[in-house]
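Can you look at this prediction? I've put the sequence above it.
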Amino acid sequence: MAMDEKKSYNPVRPKQSPASRKPHAVESKYWKTFSTKVIEQQISAVSCTSFCPEPPHDFAVTSSTRVTIYDGKTCKVKKTISRFSDVAYSGVFRPDGKLVVAGGEMGIIQVFDMNSRLVLRQLKGHSRAVHWVQYHPSDKLHVLSGSDDSTVRWWDVPTQTEVLKLEGHTDYVRCGSANSSSADIWATGSYDHTVNLWDLRTSNAVLKLQHEKPLEDVLFFPAGGLIATAGGNVVNIWDILGGGRLLHSLSSHQKTVTCLCITPPMKAHPAENVDAERLLTGSLDGHIRVFDISDFKVVHASKYDAPILSMDLSRAMSTMVVGASDGKLFIRQKKKAAISEEDDRKDPHSVIYEPPKLETVLRPSNYRYFLRGRNEKARDGDFYVSQQQRVKLSEYDRYLRKFQYKDALQSSLKTADPTIILAVMEELIRRQGLISAVTNLDSSSLELLLQFLRRYLLG
């Protein structure tokens, strides 16, 4: 009977704050392998960073009046394109990596040769600054541009002619994205709080999305059915195939979200037991947050010491580049320097191919057979079986179990722990026994109670 009574009693526990997220989760472990290799200081704010789709995945950094090309392996300056009469914007590679296109404050779009750095083409037509220009991943002959004159234009690069002029925005056009599943579908974002979905075959906006904030970046998902829009401190996820239905609204940042990035398509995500891509968001609050696109929950976050304007990931997932408003360029690479060698070892046609090593089968004749699992640690996702432990009651819990309220209050006051005293008082209030407990206190216990009240309630 006494045993049943003890089992049915719940000990008094002080209030605790919610437990923080596990600092060594599988996802965090993966993203922490990107260590900051170099911090380059640019002339002014880094407005754009872009990786070349082709190996060795060089990357272009746009800042002030120049576009700097960095080597994808050594992360050192390879070339500098400075043939701009004013501020340059949106320096990006052609899909084959042989040309670089960039906009500018003067409204002129220039196409450069990567080897000679010569200006091959100049596309003139915009009357104001061109902040965004891009090639389609499957088209080497045309570019789409967005300007502060509120127009979007489709250019034929070889002939330097304007093919289409798309009018549908009423304010600055600052961002855009190509649909990788269709060369004719594009999305552009404007400071008029709208995202227009364009079909170049009809020259009209086939869909208009209301973001309710000035747009800083838009991004199609690899499959082309979803699109992410960033404006203010909110990132919205839209279902394009469902008629522009809003699926999720992510408000994890404190300041304006300036850039979006998604991990390159792959058969399996580098993090263990993960098959989906990841959405990365950068903000003026200095944070980059990583979202799992299966449920759009934050799985990792990193902090930088400056507001973030741009970021990009290499297709090989080996290098990450982040540009800040104070001109800092953070170049982060995987801690394992031999990533390419590891990939080669997995390739049977590689010169340095190494066959997989066979695991040693432990048998009872081996001493290590009896040590199996001794040092094994539980990993994230493992099922925990908790061992039932004998409950050891404190002195005030024993008094409460016997309904001796005065003794329980005296015992808690002697601990001098405010969390325990408050927990016991709340339990007495729940049982409607606090008044009787205080009434029956002796002088020494009353003195302890007054000291507690004076220190924690009146102080």
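Yes, it's here.

C-alpha only now, for contacts and for neighbours.
Will do.

So Glu447 lies in a helix, does it not?
Yes: assessed by DSSP: H, G, I helix; E, B strand; the rest coil, Glu447 belongs to a helix.

what's the burial count for it?
A count of nearby residues for Glu447, using other Cα atoms under 10 Å, gives 13.

Could you report the pLDDT at it?
pLDDT for Glu447: 90.

residues contacting Val322?
49, 308-312, 329-331 (Cα atoms under 8 Å, 6 or more residues apart in numbering).

out of everything not next to it in sequence, what's closest to it?
Nearest non-adjacent residue to Val322, counting by Cα to Cα, 6 or more residues apart in numbering: Met311, 4.3 Å away.

residues touching the one you found, list them.
Residues in contact with Met311 (Cα under 8 Å, 6+ apart) are 48-50, 259-261, 282, 320-323.

Select from those every entry located in strands.
Secondary structure from DSSP state E places 48-50, 259-261, 282, 320-323 of the contacts of Met311 in strands.

on that earlier part again, could you give the backbone dihedrals for the residue nearest to Val322?
Main-chain dihedrals, Met311, degrees, to the nearest 10: phi -160, psi 160.

what about the helices in the stretch 251-400 of the chain?
Along the stretch 251-400 of the chain, counting by DSSP state H, counting those that start in this stretch, helices occupy 339-346, 395-401.

With just CA atoms, put the last one into PDB.
Spelled out, that is helix 395-401. Output of helix 395-401 as PDB, limited to C-alpha atoms (Å, rounded to 0.1, in the frame of the first residue of the first chain):
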ATOM      1  CA  GLU A 395      12.400  16.000   2.500                       C
ATOM      2  CA  TYR A 396       9.700  18.600   1.500                       C
ATOM      3  CA  ASP A 397       8.300  16.000  -0.900                       C
ATOM      4  CA  ARG A 398       8.000  13.400   1.900                       C
ATOM      5  CA  TYR A 399       6.100  16.000   4.000                       C
ATOM      6  CA  LEU A 400       3.900  16.900   1.100                       C
ATOM      7  CA  ARG A 401       3.100  13.200   0.500                       C
END
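
so what does it touch, helix or strand wise?
Applying 3 or more Cα pairs under 8 Å, 6 or more residues apart in numbering; DSSP states H and E, one finds that helix 395-401 makes contact with helix 405-415.

Below-threshold pLDDT in the stretch 251-400 of the chain: ranges please.
265-276, 336-359, 380-381 (pLDDT under 70).

For it, just list every one of the strands.
257-262, 278-283, 287-292, 297-303, 308-313, 319-324, 328-334 (DSSP state E, counting those that start in this stretch).

for those, which one sits closest to Ser177?
strand 257-262 (10.7 Å; Cα to Cα).

neighbouring strands for the closest one, and are they parallel or not?
According to DSSP bridges, strand 257-262 forms sheet pairs with strand 278-283 (antiparallel).

what does the partner strand rub up against?
The contact list for strand 278-283 (Cα under 8 Å, 6+ apart) reads 233, 253, 255-263, 288-293, 307-311.

Quick one: buried ones out of those?
Neighbour-count burial (16 or more other Cα atoms under 10 Å) applied to those gives 233, 253, 255-263, 288-292, 307-311.

which two of the contacts of Met311 lie the greatest distance from each other?
Top of the distance list for the contacts of Met311 (Cα to Cα): Ser50 and Gly282, 14.5 Å.

of those two, who's got more company?
Gly282 (29 against 23).

beta partners of the closest residue to the more buried one other than its chain neighbours?
With sequence-adjacent residues excluded and distances taken as Cα to Cα, 6+ apart, Gly282 is closest to Ile288, at 4.6 Å. In this entry, Ile288 is beta-bridged to Gly282, Ser302, by DSSP bridges.

what's the distance between Ile288 and Trp132?
Applying Cα to Cα, to the nearest Å, the value for Ile288 to Trp132 is 22 Å.

Widest-spaced pair of the contacts of Val322?
Largest pairwise distance in the contacts of Val322, by Cα to Cα, is 14.2 Å, between Leu309 and Ile331.

Might one say that Ser249 is in contact with Asn236?
Yes: shown here, Ser249 and Asn236 form a contact pair, counting by Cα atoms under 8 Å, at 4.5 Å.

More neighbours: the two, which one.
Set Ser249 next to Asn236 and count neighbours by other Cα under 10 Å: Asn236 wins out with 17 against 14.

Wait, a helix at the more buried one?
No: assessed with three-state DSSP, Asn236 is strand; it does not lie in a helix.

Distance of it relative to Gly286?
20 Å.

Send me stretch 105-112 as PDB with only the CA atoms.
Provided in PDB are the C-alpha atoms of stretch 105-112 (Å, rounded to 0.1, in the frame of the first residue of the first chain):
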ATOM      1  CA  GLU A 105      24.500  52.000 -63.000                       C
ATOM      2  CA  MET A 106      24.400  53.500 -66.500                       C
ATOM      3  CA  GLY A 107      21.900  51.000 -67.800                       C
ATOM      4  CA  ILE A 108      24.300  49.300 -70.100                       C
ATOM      5  CA  ILE A 109      24.700  45.500 -70.000                       C
ATOM      6  CA  GLN A 110      28.200  44.300 -71.000                       C
ATOM      7  CA  VAL A 111      29.400  40.800 -72.000                       C
ATOM      8  CA  PHE A 112      33.000  40.000 -71.300                       C
END
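
distance between that stretch and the chain's centre?
How far stretch 105-112 lies from its chain's middle: 32 Å, per Cα atoms, centre = their mean, to the nearest Å.

still on that earlier bit, separation between the residue nearest to Gly282 and Thr36?
For Ile288, the distance to Thr36 - Cα to Cα - is 14 Å.

Now Ile185. Nearest residue, chain neighbours left out?
Per Cα to Cα, 6+ apart, closest to Ile185 is Asp199, 4.9 Å.

Hmm, the one you found is touching Thr188, no?
No: Asp199 lies out of contact with Thr188 (Cα under 8 Å); the separation is 11.5 Å.

Looking at these two, which one has more neighbours?
Thr188 (28 against 17).

Domain boundaries for this protein, per the record?
Domain segmentation of the chain under automatic domain parsing yields 26-337, 394-456.

Including distance to Tyr9, could those domains go into a markdown table?
Compiled in a markdown table, the domains of the chain are given as follows (distance: least, Cα to Cα, whole Å):
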| stretch | distance to Tyr9 |
| --- | --- |
| domain 26-337 | 38 |
| domain 394-456 | 7 |
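
Return the most buried member of the ones you listed.
Highest mean neighbour count among those (mean count of other Cα atoms under 10 Å): domain 26-337, with a mean of 19.

ok now it, how far from the chain's centre?
For domain 26-337 - counting by Cα atoms, centre = their mean - the centre lies 15 Å from the chain centre.

contacting residues around Leu120?
Neighbour list for Leu120: 110-113 [criterion: Cα under 8 Å, 6+ apart].
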